[in-house]
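**Student:** structural data only, the sequence is not supplied:
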């Protein structure tokens, strides 16, 4: 019985020994793997670190891009500044040109006004001389009679200057009203071929003998500051020449209009009437160097 028990014991020991040894080997292998994992992180856990050379290239590329953007912005600002300077220069040039034109018109208006004053002074002097001659031919009168006669003579002289000489100015042809759609044809028929040789001043014509506009009426409706456009007023043919109504008076052309004026100047250009050099003239603000002789009619 003791022998059997001893044999069973050895059998059990012989069987469990290798199993125990195998378990020990497995534990040792697991421990080694854990230590290896602790010493060397897995590829999945390793950080994604770029090489230093690649980082430098990316930084340089970013710097170049920023520098390019800054250069483009500076160029845009410079172009905008140059455009603004050019615009300012052009505006200043236009302002100077307009100022020069205004000064020329003002000087011309002053010259015309001086000529008008001289003409009135000359006319007054002639009236006084004529009155003195009449007084010398007449018998002596008392002071009151002389004053009355002088006032009557001055009034007659004024009425004579302002009286329209219709019989002398009226041509034999009838007046023909020009419709709006006919104006272009009428103006084209009275266009000059060579205006420098075809037009004449009132002095060359022997002086103006038409209706004289009273001074107060002239100052209120005529002169360089009272400009207008002919197309907006009635027009007709009078003695074969065009005339138009403005300011309650009719103004008839006695000269053709310059061939180098625009075809529709009467529609688009500003004009005005001036009394100058013993006669009335029409001026075109677009062509300030030209003047066309016109005569004045009451009807």
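**Tutor:** That came in fine, so what should we check first? What you see is a predicted model; the values in this text were computed from it and never measured.

**Student:** let me know the helix or strand that residue 85 is in.
**Tutor:** Using DSSP states H and E, residue 85 maps to helix 52-137.

**Student:** who does that helix touch, helix- and strand-wise?
**Tutor:** Helix 52-137 sits against helix 143-162, strand 271-275, strand 287-297, with contacts defined as 3 or more C-beta pairs under 8 Å, 6 or more residues apart in numbering; DSSP states H and E. In short, each C-beta sits where N, CA and C put it, glycine included.

**Student:** rounded mean pLDDT for the first one, please.
**Tutor:** For helix 143-162, the mean pLDDT works out to 58.

**Student:** repeat for stretch 94-114
**Tutor:** 76.

**Student:** check contacts around residue 255.
**Tutor:** With contact set as C-beta atoms under 8 Å, 6 or more residues apart in numbering, residue 255 has these partners: 192, 198, 199, 200, 292, 293.

**Student:** which of the residues you listed count as buried?
**Tutor:** 192, 199, 292, 293 (16 or more other C-beta atoms under 10 Å).

**Student:** return the set of residues that bridge with the third one.
**Tutor:** Going back to what we said before, that points to residue 292. Here residue 292 shows beta-bridge partners residue 282, assigned using DSSP bridges.

**Student:** surely it touches residue 251?
**Tutor:** No - with contacts counted by C-beta atoms under 8 Å, residue 292 stays clear of residue 251, the gap being 9.9 Å.

**Student:** what touches both of those two?
**Tutor:** residue 282.

**Student:** could the contacts of residue 255 go into a markdown table alongside pLDDT and distance to residue 113?
**Tutor:** Below are these laid out as a markdown table (pLDDT from 0 to 100; distance: C-beta to C-beta, whole Å):
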| residue | pLDDT | distance to residue 113 |
| --- | --- | --- |
| 192 | 93 | 29 |
| 198 | 91 | 29 |
| 199 | 91 | 24 |
| 200 | 91 | 24 |
| 292 | 95 | 20 |
| 293 | 95 | 19 |
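
**Student:** any idea which of the residues you listed is closest to residue 232?
**Tutor:** For the contacts of residue 255, the minimum distance to residue 232 (C-beta to C-beta) is 18.3 Å, reached by residue 292.

**Student:** follow-up on the earlier one: for the contacts of residue 255, which one is nearest residue 259?
**Tutor:** Scanning the contacts of residue 255 for proximity to residue 259, where the rule is C-beta to C-beta, the winner is residue 192, at 4.9 Å.

**Student:** OK, contacts around that closest one?
**Tutor:** 198, 199, 255, 256, 257, 258, 259.

**Student:** worst-scoring helix or strand of the protein, pLDDT-wise?
**Tutor:** helix 166-169 (a mean of 43; mean pLDDT, DSSP states H and E).

**Student:** I figured residue 178 hits residue 244, correct?
**Tutor:** No - Residue 178 is beyond contact range of residue 244, at 9.2 Å (criterion: C-beta under 8 Å).

**Student:** show me which of these two is the more surrounded one.
**Tutor:** residue 244 (23 against 17; other C-beta atoms under 10 Å).

**Student:** and the more buried one, bridged to which residues?
**Tutor:** Under the criterion used (DSSP bridges), residue 244 bridges to residue 235, residue 251.

**Student:** what about it, distance to residue 267?
**Tutor:** Look at residue 244 and residue 267: by C-beta to C-beta, to the nearest Å, they are 12 Å apart.

**Student:** which residues are in contact with each of these two?
**Tutor:** In contact with both residue 244 and residue 267: residue 230, using C-beta under 8 Å, 6+ apart.

**Student:** tell me, how many residues neighbour residue 291?
**Tutor:** By other C-beta under 10 Å, 19 other residues sit near residue 291.

**Student:** neighbouring contacts of stretch 269-287?
**Tutor:** Here stretch 269-287 has contacts from 105, 112, 115-116, 119, 201-203, 205, 207-208, 210, 213, 218, 222-230, 246, 251, 253, 258, 260-262, 265, 290-296, using C-beta under 8 Å, 6+ apart.
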